[in-house]
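A.B. asks: I'd like to go over a predicted model; first the sequence, then the structure.
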Amino acid sequence: MKIKMVRKIIFLAGLVILATALCMAEVWKAPDQEKAREKAKKIVPFIKEYKDDCKINRKICLMDAGISIKDVKDVYFLLDSPIIKKREDHYEPVRFAHKRHAALIQDCSMCHHYRPKDENALETTRCSACHQDSFNPDHPERIGIKAAYHQQCVKCHTAEAKGPVDCKGCHLQKVPDHKDLVKLPDNADPFQVTAECLRCHDTQGEDMLKTAHWLWKGPSPYTTGHRKDIMHGKGTTALNNY
Amino acid sequence: MQFSRRNFFKFMGVAGASVAALPSSARAWKSKAPPDSYGCLVDLTRCVGCRKCEEACSEVNKLPAPERADCQCTIFDRKRRPDDKAYTVVNRYFTGKLDQFDNPLPTYAKVQCMHCQDPSCVSACLAGALTKDETGAVKYDVSRCIGCRYCMVACPFEIPAYEYHNPITPKVMKCTFCYDRISEQGGLPGCATICPTEALTFGKRKTILKVAQKRLKENPGKYIDYVYGEKEVGGTSWLYISSVPFEKVNLPALPNKPLPKLSETIQHSLFSYLWSPLALFGVLGAVMYKSNKVQEEPQNKGGA
């Protein structure tokens, strides 16, 4: 009996120690993510002049230099340049799997399309070394970093019919914290909750009234992928649609 | 002497035309295009139809948020025009182009005030409410506007809109070229700032015209070899390049001469030194004098 008690106490004490140790320790962060975050913050010097090679030439140069997937040091990038954020900040940064793309495409020249004119420079450079702020009057033909990313990604994803081409396919949307936005009394009733949602989301409310969810028959125009008409519904002839 | 209605018009027409030609050659019409204005290039091959420009525009200009900003599912089903609640809109056109999987390829085209180099609206404005600024923007001053809406009739692109719902303090609404922003150093219009693919290129008009021509030259076969807005109605601040014919994306074929040229030439030559009203009333006076005389004579004879 006593032994059992002692065991229990020891077990509980152990649990408490473990819990405090967990609380004391910092929240675990993915090392890759942290590294990528640091790297994304850095603005590299602007490369003014580039070597105007044709695409085939560039591919040959990269092959001659012996650059392959083994040389890809950065597995993962966070496309979160302060150059973009200076102007606007609507979406969460894209998480770009660099090595995975390199392995899939097997052609570095798809993205590393030019190289610096300086012969001593590395064969491949960061996107943001050449593409920085948009509409630079000194380099009017050079597109900015945001456009470079979007044009490159969308073009390739469309051509390959692989990978997302819509905004939310790559970005997480910056949703404001609804803790501060929602204002409800304690123990709010369902009507109050609905009214509070509709305070901002009135379009969504209007849309809902046009769908079969509300009418119990007919098409649901704004529900992508579920637009099929329900001609017989609980609203008219059928007891159940299933 | 019987001066019939037909004869009167004939006489006036011939007289008017013959003298109107004289002073017009003496003072030729001159373009008032600002020398170093800004411009914006729209590359329709780059536009992905995200409508972020609409969102940014409404935010910058404090207009109501665009309809269904986050959802592109049904908004393109109908063609929209810029109106009193939106300075710019993006439309989708299917022009018959197919992608590699034989699906119809959409072309998206943004519409807004083109900020003509020699704007018809400015020429038509009675009150001087519309002015062409040296930045290239066609500015609107509500305090001068009398609400005649001549600008809406004059615009070849049918851009200015009117706040019909606001009977007390209505305004003519159209793209401002973000005048306040671009007059600052390094300032950009709202739409160009946000465009994710740089389908909009902002800069000095001369520079971006060169950029456009370079892009056409470096991508043979991709574009139609034409910069829309370079010469249309004497040139516009907003330029378009495209891979599909411009009429198919609702950019109308327009003459190359500035539209105010003809109307202003006629007006200015007819009314310089008020010679034409003077001539008209002179002729009318002479006619009256003569016909009065004719009427008086028989009366005098009868009385005698």
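C.D. replies: Happy to help now that I have it. Numbering: from 1, shown residues only, chains lettered A, B, ... in the order given.
A.B. asks: Can you verify my assumption that B:V42 contacts B:S237?
C.D. replies: No. Using CB atoms under 8 Å, B:V42 is not in contact with B:S237, being 11.3 Å away. In this view, the C-beta of every residue, glycine as well, is placed from N, C-alpha and C.
A.B. asks: Mind jotting down where the strands sit in chain A?
C.D. replies: For chain A, the strands defined by DSSP state E occupy A:50-51, A:76-79, A:94-97, A:115-116.
A.B. asks: Who are the packing partners of the helix or strand harbouring B:C121?
C.D. replies: Element membership for B:C121 (DSSP states H and E) is helix B:120-124. Here helix B:120-124 touches strand B:130-132, helix B:150-154, helix B:259-271, going by 3 or more CB pairs under 8 Å, 6 or more residues apart in numbering or on different chains; DSSP states H and E.
A.B. asks: make it 10 Å
C.D. replies: Packing partners of helix B:120-124 (3 or more CB pairs under 10 Å, 6 or more residues apart in numbering or on different chains; DSSP states H and E): strand B:130-132, strand B:138-140, helix B:150-154, helix B:259-271.
A.B. asks: if we can go back for a sec, which neighbours do B:V42 and B:S237 share?
C.D. replies: Counting by CB atoms under 10 Å, 6 or more residues apart in numbering or on different chains, the shared contacts of B:V42 and B:S237 are B:G229.
A.B. asks: Can you add distance to A:I47 and mean pLDDT and give the helices and strands packed on helix B:120-124 back as a markdown table?
C.D. replies: A markdown table is the format used below for these (distance: least, CB to CB, whole Å; pLDDT from 0 to 100):
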| stretch | distance to A:I47 | mean pLDDT |
| --- | --- | --- |
| strand B:130-132 | 39 | 96 |
| strand B:138-140 | 39 | 96 |
| helix B:150-154 | 47 | 95 |
| helix B:259-271 | 46 | 88 |
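A.B. asks: Select, out of these, the one closest to chain A.
C.D. replies: Chain A lies closest to strand B:138-140 among the helices and strands packed on helix B:120-124, at 21.2 Å (CB to the nearest CB).
A.B. asks: Quick check: buried residues in the longest helix along chain B?
C.D. replies: In chain B, taking DSSP state H as the definition, the longest helix is helix B:275-303. Applying a neighbour-count criterion of 16 or more other CB atoms under 10 Å in any protein chain shown, one finds B:W275, B:S276 buried in helix B:275-303.
A.B. asks: Rounded mean pLDDT for it, please.
C.D. replies: Here helix B:275-303 scores 82 as its mean pLDDT.
A.B. asks: so how far is that helix off the chain centroid?
C.D. replies: The chain centre lies 46 Å from the centre of helix B:275-303; the measure is CA atoms, centre = their mean, to the nearest Å.
A.B. asks: so how far is chain B from the residue nearest to A:C200 when sequence neighbours are not counted?
C.D. replies: With sequence-adjacent residues excluded and distances taken as CB to CB, 6 or more residues apart in numbering or on different chains, A:C200 is closest to A:L181, at 7.3 Å. Distance from A:L181 to chain B, counting by CB to the nearest CB, to the nearest Å: 16 Å.
A.B. asks: do A:C197 as well
C.D. replies: For A:C197, the distance to chain B equals 16 Å [CB to the nearest CB].
A.B. asks: Do you know the pLDDT at the residue nearest to A:C200?
C.D. replies: pLDDT for A:L181: 92.
A.B. asks: Just give the number of residues close to it.
C.D. replies: Per other CB atoms under 10 Å in any protein chain shown, the neighbour tally for A:L181 reads 11.
A.B. asks: go on, B:A137?
C.D. replies: For B:A137, the count of nearby residues is 24 (other CB under 10 Å).
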